[in-house]
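# predicted coordinates and the sequence they were generated for:
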Amino acid sequence: MIRFFNRYIGIKNFIFFVLAILFLLFMVKIKDIAILFFASFVISCSLNPIVDKLCEKYKRFTRPVASTLVLVGALFIGFIFIIPIIIMGGYQISSFLATLPEHIEHAKEFLLGIPFFENTNLTNMDFGGIVSSITGFTSDIVSRSITFSKEVAAFLIYFLAACIIIYYFMADKDVVKKGVLYLFPNDLKNKADEIIESISQKVGGYVLAQVVTMASVGLIVVIGLIILGVDYALILGLITAVFDLVPVVGPAVALVIILLAVSKMGVLKIGLVILVFAFAQWAENNLVRPYIFGKLLDLHPLIIYFFLLITAQSLGLVGVIFAPAIAATFCVLLEELYIKNIN
């Protein structure tokens, strides 16, 4: 038994796997920090190819300089797109919240006009109380400015920490990889190097794939709502794109918000809005997402949904957002450590 153990497993490999399990258990205890590092790793993997090309094309650029330029450029481009949306959407958000009770009343009148709902408990619902609650809720949000300021400060701290971690993941890419490889036994170093490269390529495509799919569904909704003459088209399209991060549930919530906004436009316009939303979801799920995620991550949708349910239960909303990247990491490990060996 001991001879079999030493020949096929080895004491060093056994110790390594035990330490790996203990490391995973430790990561569970500090999952917030682990998620921050994993998210930073995913983003750095998506930016690393640009850094590599800069270093290859311009020999005078050291990797830290190229990493700084890429990170600053990415932040600048992000702000260029986000700030105009915030400026243009800020008025629409405040106006939409101010008229939300009116939209709910119109939605009630529309539903009560449908024969199916006439004899239901919908007529007995206290919509006035719901409206008052919503109004009080929005007022309560404003009154809690101190708590909101603390949350903004915490977000800024996490954002700054993520930027620093992303920079070091890019600038010290080889140093970080070398440090990770030190943890592996000599007979596993080459295999570990291959796995790290494969994971980097897979999860690096996640950010681009997610941005493209979100932009596609949001853009279709915005264009469709503008053509139909719907108010708040920009903010409703933005809401659709953001909620698209959460599969299944997110689009349903976005549709409810859109229907509240268009409830007073008549049955024909509501039907056309639903068709626009359905077309946007169809185009994303059948044209954009399969091609983008299949090309960049090489994952079947069933695998993504499986990890979506797991991460939603254990990691919450952040887990849902990064479920495809986590799935890609797991699939690479499974393929390299098990499937290739048995085949």
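Structure received.
# tell me which element the residue lying closest to residue 283 once chain neighbours are set aside falls in.
When the adjacent residues along the chain are set aside, residue 283 lies closest to residue 220, with 6.1 Å between them (C-beta to C-beta, 6 or more residues apart in numbering). No exception for glycine: its C-beta is placed from N, CA and C like everyone else's. Under the assignment given by DSSP states H and E, the secondary-structure element containing residue 220 is helix 186-227.
# so residue 231 sits right up against residue 260, yeah?
No: using C-beta atoms under 8 Å, residue 231 is not in contact with residue 260, being 11.8 Å away.
# returning to that earlier point: hang on, isn't the residue nearest to residue 283 packed against residue 275?
No: applying C-beta under 8 Å, one finds residue 220 not in contact with residue 275, separated by 11.4 Å.
# comparing these two, which residue is more hemmed in?
When neighbours are counted by other C-beta atoms under 10 Å, residue 220 and residue 275 differ, and residue 220 comes out ahead with 22 against 12.
# end-to-end on stretch 163-177?
In terms of C-alpha to C-alpha, to the nearest Å, the two terminal residues of stretch 163-177 are separated by 19 Å.
# contacts for it, please.
Contacts to stretch 163-177, defined as C-beta atoms under 8 Å, 6 or more residues apart in numbering, come from residues 36-37, 40-41, 43-44, 47-48, 51, 63-64, 67-68, 70-71, 75, 193, 196.
# rounded mean pLDDT for it, please.
When pLDDT is averaged along stretch 163-177, the result is 90.
# ditto for stretch 317-324
According to the model, stretch 317-324 has a mean pLDDT of 74.
# where do the helices of the stretch 51-200 of the chain begin and end?
Assigned by DSSP state H, counting those that start in this stretch, the helices in the stretch 51-200 of the chain fall at 63-98, 100-112, 115-118, 127-143, 145-171, 173-181, 186-227.
# low-confidence regions, the stretch 1-150 of the chain specifically.
Residues of the stretch 1-150 of the chain that meet the criterion pLDDT under 70 lie in 1-17, 19-20, 23-28, 81-150.
# cutoff 50 now
1, 4-5, 8-9, 127, 130-131, 134-135, 137-139, 141-146, 148 (pLDDT under 50).
# and the stretch 201-343 of the chain, by the same measure?
When the per-residue scores of the stretch 201-343 of the chain are filtered using pLDDT under 50, no range remains.
# and the helices in it?
Under the criterion DSSP H, counting those that start in this stretch, the stretch 201-343 of the chain carries helices at the ranges 233-243, 249-261, 267-283, 289-296, 301-315, 317-321, 323-334, 340-342.
# need those helices in JSON lines (columns: distance to residue 167).
Written out in JSON lines, the entries for these read as follows (distance: least, C-beta to C-beta, whole Å):
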{"stretch": "helix 233-243", "distance to residue 167": "26"}
{"stretch": "helix 249-261", "distance to residue 167": "31"}
{"stretch": "helix 267-283", "distance to residue 167": "36"}
{"stretch": "helix 289-296", "distance to residue 167": "23"}
{"stretch": "helix 301-315", "distance to residue 167": "25"}
{"stretch": "helix 317-321", "distance to residue 167": "21"}
{"stretch": "helix 323-334", "distance to residue 167": "19"}
{"stretch": "helix 340-342", "distance to residue 167": "34"}
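# for residue 162, find the nearest of those helices.
Nearest to residue 162, of all those, is helix 317-321, at 12.1 Å by C-beta to C-beta.
# returning to that earlier point: put the buried members of the contacts of stretch 163-177 into a ChimeraX selection.
Provided next is the ChimeraX selection string for whichever of those are buried by 16 or more other C-beta atoms under 10 Å:
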select :36,37,40,41,43,44,47,48,51,63,67,68,70,71
